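A.B. asks: coordinates for the following, if possible.
(one chain, ligands or ions: 4)
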Amino acid sequence: MSKIPVMEIFGPTIQGEGMVIGQKTMFVRTAGCDYSCSWCDSSFTWDGSGKKDIRMMEPMEIWQELERIGGNNFSFVTISGGNPALLTNLSELIQLLKEKQIKTGLETQGSKWQDWFYEIDELTISPKPPSSKMETNFEILDVIITKLKQNEQSKFSLKVVVFDEEDYRYAQKVHSRYPDIPFFLQVGNDDLTTMDNKELLLHLLDKYERLIEKVIQDPTLNNVKVLPQMHTLLWGNKRGV
Ligand SMILES: C[S@@+](CC[C@H](N)C(=O)[O-])C[C@H]1O[C@@H](n2cnc3c(N)ncnc32)[C@H](O)[C@@H]1O
Ligand SMILES: Nc1nc2[nH]cc(C(=O)O)c2c(=O)[nH]1
Ligand code: SF4
Ligand SMILES: [Mg+2]
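C.D. replies: Ligands and ions are numbered 1, 2, ... in the order given. Predicted coordinates:
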């Protein structure tokens, strides 16, 4: 069995974002990313600052850790990162979770395809807007979306984080390119260091309200969902929740 670079395993908590928001879940966060978004809230997975916490784990070891910390209190595991789609060998873990009757979610940015995407129950693709300083490869994104669409079993969505006007226009562009894919706009957290949860909550709620106002009046974004990062509203910038 091949090993997986694991940054952290935590939960149970609730999925704070996107298509399964509110879902009780465990998280497995893998290390390493092919992007370096300017505002990444999980930069410890790729900027070297979390290097000492990376553990090379076999699927069974990950399962044992999930059971050790989650006990019987979970039936869903969300795989995030970093970019888990860098890891060809995640299929073994996903297979093991399936055998244990555990449903799976995946968070990835849509820069890489893996055949094991077909085995994920709830797949979120989150292409990055200009404020991230990353550039979307739409040829690759087209391939990923086409493959998932052709597979009837695949349940997936697009989620674009919005920080500014340019990001908003990017969100419009992504939705118009894939109009029939469930589409989520998410409020960007632009204060990743504050420990003042109440102040952050008010700030992000204000941003959420302003984003909603824009979308309400926008005929190009009718069939969309607008969401905050629920875990940030609840727990601020705390890690592992
Ligand atoms: C940390 S990423 C890991 C998975 C994958 N690399 C990706 O970006 O989709 C998980 C989600 O958090 C979002 N995210 C990261 N930093 C954020 C921030 N400062 N505010 C809001 N969402 C953020 C990403 O856009 C992505 O949807
Ligand atoms: N509660 C909670 N929900 C999340 N949804 C996506 C997350 C992520 O970092 O990928 C995340 C996270 O870190 N915590
Ligand atoms: S793609 Fe995801 S993990 Fe990678 S830098 Fe961007 S937000 Fe962070
Ligand atoms: Mg996060």
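
A.B. asks: for the residue nearest to the spatial centre of the chain, list each beta-bridge partner.
C.D. replies: In the chain, the centroid-proximal residue (C-alpha atoms, centre = their mean) is Glu107; its distance is 3.2 Å. Residues in a beta bridge with Glu107, per DSSP bridges, are Thr124.

A.B. asks: stretch 112-130 near ligand 1 anywhere?
C.D. replies: Yes - if you take C-beta under 6 Å from any ligand atom as the test, stretch 112-130 does meet ligand 1, through Ser126. For every residue, glycine as well, the C-beta is placed using N, CA and C.

A.B. asks: please apply the same query to stretch 69-86.
C.D. replies: Yes - Stretch 69-86 is in contact with ligand 1 by C-beta under 6 Å from any ligand atom, via Ser80, Gly81, Asn83.

A.B. asks: and the pLDDT for the residue lying closest to Asp41 once chain neighbours are set aside?
C.D. replies: In this structure, Asp41 finds its nearest non-sequential neighbour in Leu192, 5.6 Å apart by C-beta to C-beta, 6 or more residues apart in numbering. Leu192 carries a pLDDT score of 98 in this model.

A.B. asks: assign a three-state SS to Leu192, would you?
C.D. replies: Judged by DSSP: H, G, I helix; E, B strand; the rest coil, the three-state class of Leu192 is coil.

A.B. asks: what segments of this protein are helices?
C.D. replies: Using DSSP state H, the helices assigned to the chain run over residues 59-70, 90-99, 138-150, 165-177, 197-216, 230-235.

A.B. asks: circling back: just the ones in strands from the residues of stretch 69-86 next to ligand 1, please.
C.D. replies: Using DSSP state E, the subset of these located in strands is Ser80.

A.B. asks: rewinding a little: out of the helices of the chain, the one nearest Val6 is which?
C.D. replies: For the helices of the chain, distance to Val6 was read as C-beta to C-beta. The smallest value, 6.4 Å, belongs to helix 59-70.

A.B. asks: next, the angle helix 90-99 makes with the closest one.
C.D. replies: 50 degrees (axes from the mean of the first three to the mean of the last three C-alpha atoms, to 10 degrees).

A.B. asks: does helix 59-70 reach ligand 2?
C.D. replies: No - remark: helix 59-70 sits outside contact range of ligand 2, by C-beta under 6 Å from any ligand atom, the gap being at least 13.8 Å.

A.B. asks: which other helices and strands contact that helix?
C.D. replies: For helix 59-70, the elements it packs on are strand 4-14, strand 24-30, helix 90-99, judged by 3 or more C-beta pairs under 8 Å, 6 or more residues apart in numbering; DSSP states H and E.

A.B. asks: same thing but at 10 Å, please
C.D. replies: strand 4-14, strand 24-30, strand 55-57, strand 76-80, helix 90-99 (3 or more C-beta pairs under 10 Å, 6 or more residues apart in numbering; DSSP states H and E).

A.B. asks: would you mind finding the most buried of these?
C.D. replies: Among the helices and strands packed on helix 59-70, the stretch with the highest mean neighbour count (mean count of other C-beta atoms under 10 Å) is strand 76-80, at a mean of 24.

A.B. asks: each with direction, which strands does that strand pair with?
C.D. replies: Paired neighbours of strand 76-80 in the sheet (DSSP bridges): strand 24-30 (parallel), strand 103-108 (parallel).

A.B. asks: what residues does this protein put near ligand 1?
C.D. replies: Taking C-beta under 6 Å from any ligand atom as the contact definition, the chain meets ligand 1 at 33, 39-42, 80-81, 83, 107-109, 126, 159, 161, 186, 188-189, 192, 229.

A.B. asks: so which of the strands paired with strand 76-80 comes closest to ligand 2?
C.D. replies: Closest approach to ligand 2 among those is made by strand 103-108 (4.2 Å; C-beta to the nearest ligand atom).
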